[in-house]
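Peer 1: predicted model and sequence follow; I will ask about them next.
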Amino acid sequence: MGVSAVPGSGKTFTLSYLAAQLVATGLADDQEVLIVTLVNSAVDNFRRRIASFTLELGLIPGFGYRVRTLHGLAHDIVRLRPGLVGLADDFVIIDERESDRILEEVVSRWLRSHPTAADRYLDWNQLSDAKADWVKGGTGGGWPKLALDIARAFIKRAKDWRLTPEALTARLQAGAVSLPLAEMAISVYRDYQLALTYRGGVDFDDLIRLAYEALRADEGYLARLRRQWPIILEDEAQDSSKSQEDILCLLVGSEGNWVRVGDPNQAIYHTFTNASPEYLRHFLHKPGVASRALPNSGRSQPSIIRLANYLIDWTRHDHPIPELRGTLSLPHIDRTLPGDPQPNPPDVPSQIHLSAERYPPDAEVADVIRSVRRWLEEHPKETGETVAVLTPRNKKGVDVVNALRQAKIPYVELLNSTAATRSTAGVLGNVLRHLTRPTSTRQLAILFRAWQRNDWDDTSQRTRLRAIEAWLRKLNRPETFLWPLGGDLGLLPNAPPELGEDTDALDLLKSFRDIVRRWQAAAVLPVDQLVLTLAQDLFTEPTDLALAHKLAVELRHRQNLNPDWRLPELTEELAVIARNQRRFLGFEAADTGFEPPAGVVTVATMHRAKGLEWDRVYLIAVNNYNFPSAQAHDSYIAEKWFVRDQLNLEAEALAQLKALNEDNPAVYIEGTATLEARNDYAAERLRLLYVGITRAKKELVITWNGGRSHRQRPPKQQSTSFIALSTWWSDQAEA
């Protein structure tokens, strides 16, 4: 059976109830209902719900069903019979962080041995010396980062298609054509796999590939698992991959039962991953599959439902790019029927605001913050109502978090890293930056502010701290303050009169001088020991100290990957984390369940908001850069400004892989994949907008900004899809 479930239709509830009923009525003692879902937080959610239903049915929770992610299921399959795929009984799984580190090391080594590899795709003559230096080796971006992204996407797709480096090399040599991106990625793939072998382990993508091979290798083992799992329920099937579909298809066989539930309109993990909504769409129309719909949703008020349904209709019939008209599909969202336990909120069209105003980026955030403050004052925590600001990218989410913190508005965040992680990285980065520029008075003043960060909001201290900071900025020679001639630490050269009368200020300055001298003396230590030394002086909270330890380990790893890096480059790595430009796993519960709290603002990306709901939702930055429609005036994040002809090199590399997979390398034509990737990305962003709209229960606000001036890109425009929604909504209001 294939079930197309609209947002808020209760698919988790339905699948959980179905699983409990099947456990109660249809299984032998040695059998289980297998539930396969997308992420670990969904596993926990399913377990709780099924346990609740089985209790109601008088059964013992935890028996008769198994909930797994695809990775968890693959691990179960391989762990029982590792010898089938050539693994030792004690094989290890290399986690995502370690596999990323290995891949970075391999890519870095390949780039060092191929210094001219980028010349084919970059036009160095068009770059200034400073920009060329950044492109060649800039941390957080440039050619090294792009090469890493290309290799990661290529290897992930190759493993999903079960293509080994050896097989790809043979096809490349037989094709007798030049596929430079594939050549690079295959070389990295080969060395990456060797590195895994040396460690006696496999990564998560290998685990899935090997699970399929294990099932194919032993018919008796496959028959045993089919007997154990006669019924398979698949959640979030719109994000299924070829490997997932192949494995579940093998397990189901001709006698099993397979229920696939999902919403193709919510497939938002498509670009450069192995997921595709087409697997579910094809399944829904397959002979022998009972196709059903869960169209009723009690989440949103009727006007929000009408807006989401109009986005479906406009996309299907009026999108300016015909190739994108299949992006969103039926069914429409229907209101719940009378008597439903989850009735829709009352219909109040005035609670939907689609802003036509073109904001500057900072003004957009400021206006949203003012609106949020008013809403929280009118909806205190006791009402139980919730509010969220959803952004298309993590960086914009950080801007919102910073503005909320300055406005003293309580918030929680679902971003790449939490404010605690970014703050810890930022404080450590300021100290390291001073150590790289010890003669900069500006940096010395910034260091003082970081050191006294916890007292800056204290009104009784603020005047004193500002006076000290201003004095430090005006120092002509910081060394006369930090290291006075003769070593007399009791004197302060050129101390201003206002500090001369303030003994507390003088004592504070002397303490600051002592701590800075200590840090400067520690600068000769290895970077991880230096960071831990700084942390002991800067932090007292256990979480901050633990984060500092993780950052120290990360920086030592970066230095091992880049032996020529010194403190300036390592300091920039901390800045990248502090700016939220790289995922850093601190101690935020990324893979556990999240329930939006009342009385505070949730700040999340629209991707992280999937599966959640709030009473009031703000969608911001809905412009043609974040939500392109594959039109001439749109621009695309994957098309790097330093790459010639606006090529999307990740897409081009995957197209070269596809040509090798089809054993026809000559079919590859440069540039075609870039144009196709634009359509794919525009389709995903349409679905992301649909997901964002359907997070709102009662109130919805959508805004957009024109971006900051940028030499490489024209000013941002209102997204075409947003224009269509605004025009239609305005017509509805007039009617």
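Peer 2: Sure, I can see it.

Peer 1: for residue 514, see how far away the nearest residue to residue 455 once chain neighbours are set aside is.
Peer 2: Closest residue to residue 455 in three dimensions, ignoring its sequence neighbours and counting by CB to CB, 6 or more residues apart in numbering: residue 461, at 4.7 Å. C-betas here are computed from N, CA, C, even on glycine. Separation of residue 461 from residue 514 (CB to CB, to the nearest Å): 19 Å.

Peer 1: more neighbours, those two?
Peer 2: residue 461 (16 against 12; other CB atoms under 10 Å).

Peer 1: in what helix or strand does that one lie?
Peer 2: helix 459-474 (DSSP states H and E).

Peer 1: what packs against that helix?
Peer 2: helix 441-451, helix 497-500, helix 503-522 (3 or more CB pairs under 8 Å, 6 or more residues apart in numbering; DSSP states H and E).

Peer 1: okay, those helices, which one's buried deepest?
Peer 2: Comparing the helices and strands packed on helix 459-474 by mean neighbour count (mean count of other CB atoms under 10 Å), helix 441-451 comes out on top with a mean of 19.

Peer 1: next up, the contacts around residue 458.
Peer 2: Not one residue lies near residue 458 by CB atoms under 8 Å, 6 or more residues apart in numbering.

Peer 1: would you mind measuring from it to residue 464?
Peer 2: Distance of residue 458 to residue 464, given as CB to CB: 10 Å.

Peer 1: again with residue 128
Peer 2: Distance from residue 128 to residue 464, by CB to CB: 44 Å.

Peer 1: neighbour count for those two, which is higher?
Peer 2: Of the pair residue 128 and residue 464, residue 464 is the one with more neighbours under other CB under 10 Å, namely 18 against 8.

Peer 1: I figured that one hits residue 506, correct?
Peer 2: No - at 10.4 Å, residue 464 does not count as touching residue 506 under the criterion of CB atoms under 8 Å.

Peer 1: for this structure, what helix or strand is lowest in average pLDDT?
Peer 2: Across the helices and strands of the chain, the lowest-confidence element by mean pLDDT, DSSP states H and E is helix 497-500, at a mean of 61.

Peer 1: circling back: then the helix holding residue 461 to CSV, C-alphas only?
Peer 2: As requested, C-alpha coordinates have been extracted for helix 459-474 and formatted as CSV (Å, rounded to 0.1, in the frame of the first residue of the first chain):
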residue,chain,number,x,y,z
THR,A,459,24.8,48.9,34.8
SER,A,460,27.0,49.4,37.9
GLN,A,461,30.0,48.1,35.9
ARG,A,462,29.3,49.3,32.4
THR,A,463,30.7,52.9,32.7
ARG,A,464,34.0,51.6,34.2
LEU,A,465,34.3,48.9,31.5
ARG,A,466,33.7,51.3,28.7
ALA,A,467,36.3,53.7,30.1
ILE,A,468,38.9,50.9,30.3
GLU,A,469,38.0,49.7,26.8
ALA,A,470,38.4,53.2,25.4
TRP,A,471,41.7,53.7,27.1
LEU,A,472,43.0,50.4,25.7
ARG,A,473,42.0,51.4,22.1
LYS,A,474,44.0,54.7,22.5
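
Peer 1: quick check: mean pLDDT of it?
Peer 2: Averaging the model's pLDDT scores along helix 459-474 yields 81.

Peer 1: same question for stretch 64-81.
Peer 2: In this model, stretch 64-81 has an average pLDDT of 91.

Peer 1: what residues does it touch?
Peer 2: Counting by CB under 8 Å, 6+ apart, residues outside stretch 64-81 touching it are 19-20, 23, 27, 31-40, 42-43, 46-47, 50, 54, 85, 87, 93, 204, 207-208, 210-211, 214-215, 218, 221, 225, 229, 241, 243-244, 247.

Peer 1: mind listing what's buried in that stretch?
Peer 2: For stretch 64-81, the buried set under the neighbour-count rule, 16 or more other CB atoms under 10 Å, comprises 64-75, 77-78, 81.

Peer 1: same question, stretch 184-202
Peer 2: Applying a neighbour-count criterion of 16+ other CB under 10 Å, the buried positions in stretch 184-202 are 184-193, 195-196, 201-202.

Peer 1: report the two of the residues you listed separated the most.
Peer 2: In the buried residues of stretch 184-202, two members sit farther apart than any others by CB to CB. They are 184 and 201, at 24.2 Å.

Peer 1: list the buried residues in stretch 285-296.
Peer 2: Buried positions in stretch 285-296, judged by neighbour count with 16+ other CB under 10 Å: 293-294, 296.
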